[in-house]
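Q: model this:
(one chain, ligands or ions: 1)
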Amino acid sequence: MNKLFLEENLADIRGKGLERALRLAEGPQGRKIRINGRDVLNFCSNNYLGLAGDARLARAAAEGMSREGFGAGASRLVCGNMSAHLQLEAKIARFKGAEESLLFSTGYMANVGILSSLFGRGDIIFSDRFNHASIIDGILLSQAKMKRYPHKDMGSLRKMLSEARGFRKRCIVTDSVFSMDGDIAPLDKIVSLAEEYDCWVMVDEAHAFGVLGEQGKGAVELFGLEDKIDIQMGTLSKAAGCFGAYCCGSRNLIKFLMNRARSFIYTTGLPPGVAAAACRAIEIIEDEPQRRERLWENTRYMLNGLRRMGWETLDSQTPIIPVVVKDAGLAVTLSQRLLGEGVFISAIRPPTVPQNTSRLRVSVMATHEREDLNFVLDCLARIGEELCLFS
Ligand code: PMP
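A: Residues are numbered from 1 along each chain as shown. You can find the predicted model right below:
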């Protein structure tokens, strides 16, 4: 083994100020989190509705485990298909208004499995430049031709579509809420283009499930496009506060994925307790719309506060609010200074975001109190001034 390879690469990452490290977060996920032994406000979680630390999910998981044990023991297609999986799939399909749904172990595995099984050589996939890494990996694995269009740029997408001739299948794939920018894909325009150019449409609702739409069904509900999107995926790890992911759509789509998606076939089923907790999470999402209302109130308050101060927040329209400082080192300094004040917001640097767009990714939760938001805004005003970040 060439040890120099590792040393040289690590030195390179370090030299660019891009080294990543894990921090220990103790205790349940909440509006406060214990980092390095100290309670700090948590403003970087995807736990938008505050369900990850909700005792009702832990109880549902414990009940699920006491009924069906801890592990699924095998792939769903061997002997690991348990009643908690079937109940959750039925609940997701009903909630989303789809014919059927299929569970995957993670959102990452869902994207990789869906794209690599449905598309192959001779197909072409149009992908927004800011799509999540798991979408890109799925396209690469599929061996279809990948055309990345500039972020939400429908003119460029149209041009690419009109120039793409001779492919067997075409697909447009997009995050519905972009994970690092917090803006929303123009799904209505994407669907119109897809109809015009005879394309499939796939939407990743990871950050929209439980958040967008009157009933929290996602951006597809917000745009009223339930019948127009061929492939909807989402994860249960963010607003639902659990783990695992789904794909939903037509009966035949789900049957196909069950037979062909390798990340579904060749992996162990989700622990039944996890599936039981996710079922409970969806019930709470349906029964407690006040959580979503509170989330949006907090989001509006934070967005307005940051914009009034003059921070660059891009086109954010959701609880994900980027605070762009451009320089990677500066983003880390800002994050460290905030942590010193008792606010945890991690710095996001390349390659997760494009060069010179390093940022803090602020994410707002339903469970934040008004005083939490004011505290963060005050800290950002003071530290931003001290670091000369306002022009
Ligand atoms: N898609 C998007 C848009 C995401 O942001 C993420 C998670 N960061 C995923 C998929 C992967 O989901 P999971 O964490 O369940 O693997």
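
Q: please see if stretch 115-132 touches the ligand.
A: Yes - contact between stretch 115-132 and the ligand is present through residue 132 (criterion: Cβ under 6 Å from any ligand atom). Any C-beta I mention is one placed from the backbone N, CA and C, and that applies to glycine too.

Q: what mean pLDDT would you report for that stretch?
A: Confidence for stretch 115-132, expressed as mean pLDDT, is 98.

Q: what of stretch 231-241?
A: Here stretch 231-241 scores 98 as its mean pLDDT.

Q: next one: stretch 167-180
A: Along stretch 167-180, the predicted local confidence has a mean pLDDT of 98.

Q: buried residues in stretch 39-52?
A: Of the residues in stretch 39-52, those scored as buried under the neighbour-count criterion (16 or more other Cβ atoms under 10 Å) are 40-52.

Q: between these, which is closest to the ligand?
A: Sorting the buried residues of stretch 39-52 by distance to the ligand puts residue 46 at the head of the list, at 7.0 Å, by Cβ to the nearest ligand atom.

Q: pretty sure that closest one contacts residue 207?
A: Yes - between residue 46 and residue 207 there is a contact at 7.0 Å, judged by Cβ atoms under 8 Å.

Q: list residues touching both of these two?
A: Contact criterion Cβ atoms under 8 Å, 6 or more residues apart in numbering; residues shared by residue 46 and residue 207: 238, 239.

Q: how far does the helix ranked longest in the chain sit from the chain's center?
A: Ranked by number of residues, the top helix in the chain under DSSP state H is helix 289-309. Remark: helix 289-309 is offset 19 Å from the chain centroid, using Cα atoms, centre = their mean, to the nearest Å.

Q: quick one: average pLDDT of it?
A: Mean per-residue pLDDT for helix 289-309: 98.

Q: show me what the next helix or strand after it is packed against.
A: Sequence-wise, the next helix or strand beyond helix 289-309 is strand 320-326, with elements assigned using DSSP states H and E. Other helices and strands packing on strand 320-326, by 3 or more Cβ pairs under 8 Å, 6 or more residues apart in numbering; DSSP states H and E, are helix 289-309, helix 328-341, strand 358-363.

Q: what comes up buried for strand 320-326?
A: 320, 321, 322, 323, 324, 325.

Q: quick one on the thing from earlier: among the helices and strands packed on strand 320-326, which is nearest the ligand?
A: With Cβ to the nearest ligand atom as the criterion, the ligand lies closest to strand 358-363 of the helices and strands packed on strand 320-326, at 10.8 Å.

Q: and for the closest one, what's in contact with it?
A: Residues outside strand 358-363 that contact it (Cβ under 8 Å, 6+ apart) are 43-46, 48, 180, 302, 306, 319-328, 330-331, 334-335, 338, 345-350, 353, 376.

Q: swap in 6 Å and give it another go.
A: Taking Cβ atoms under 6 Å, 6 or more residues apart in numbering as the criterion, the residues outside strand 358-363 that touch it are 43-44, 319-324, 328, 331, 335, 345, 348-349.

Q: quick check: angle from the helix or strand just after it to helix 328-341?
A: Going down the chain from strand 358-363, the next helix or strand is helix 370-386, by DSSP H and E. Here the directions of helix 370-386 and helix 328-341 differ by 130 degrees (axes from the mean of the first three to the mean of the last three Cα atoms, to 10 degrees).

Q: about what we covered before: mind listing what's buried in the longest helix of the chain?
A: Within helix 289-309, the residues that qualify as buried are 291-292, 294-296, 298-299, 301-303, 305-306, 309, counting by 16+ other Cβ under 10 Å.

Q: and if you look at stretch 64-79?
A: Of the residues in stretch 64-79, those buried by neighbour count under the rule 16+ other Cβ under 10 Å are 64, 65, 68, 72, 76.

Q: all helices for the stretch 51-200 of the chain, in order.
A: Assignment of helices within the stretch 51-200 of the chain using DSSP state H, counting those that start in this stretch yields the ranges 55-68, 83-96, 107-118, 133-142, 154-163, 187-196.

Q: residue 125 is nearest to which of those?
A: Of all those, it is helix 133-142 that lies closest to residue 125, at 5.0 Å by Cβ to Cβ.

Q: show me what the closest one is packed against.
A: For helix 133-142, the contact count by 3 or more Cβ pairs under 6 Å, 6 or more residues apart in numbering; DSSP states H and E identifies helix 107-118 as packing neighbours.

Q: try it again at 8 Å.
A: Taking 3+ Cβ pairs under 8 Å, 6+ apart as contact, the helices and strands that helix 133-142 lies on are helix 107-118, strand 124-128, strand 145-149, strand 170-175.

Q: now render those as a markdown table, adding mean neighbour count.
A: A markdown table is the format used below for the helices and strands packed on helix 133-142 (neighbours: other Cβ atoms under 10 Å):
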| stretch | mean neighbour count |
| --- | --- |
| helix 107-118 | 25 |
| strand 124-128 | 24 |
| strand 145-149 | 18 |
| strand 170-175 | 24 |
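
Q: quick one: the ones you listed as TSV, columns for distance to residue 5 too.
A: Formatted as TSV, the entries for the helices and strands packed on helix 133-142 read as follows, by distance: least, Cβ to Cβ, whole Å:
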stretch	distance to residue 5
helix 107-118	26
strand 124-128	31
strand 145-149	28
strand 170-175	33
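
Q: need the max-distance pair from the buried residues of stretch 64-79.
A: Using Cβ to Cβ, the pair of those lying farthest apart is 65 and 76, separated by 17.7 Å.

Q: between the buried residues of strand 320-326, which sits nearest the ligand?
A: Once Cβ to the nearest ligand atom is applied, the member of those that ends up nearest the ligand is residue 320, at 9.2 Å.

Q: thanks again, I'm all set now.
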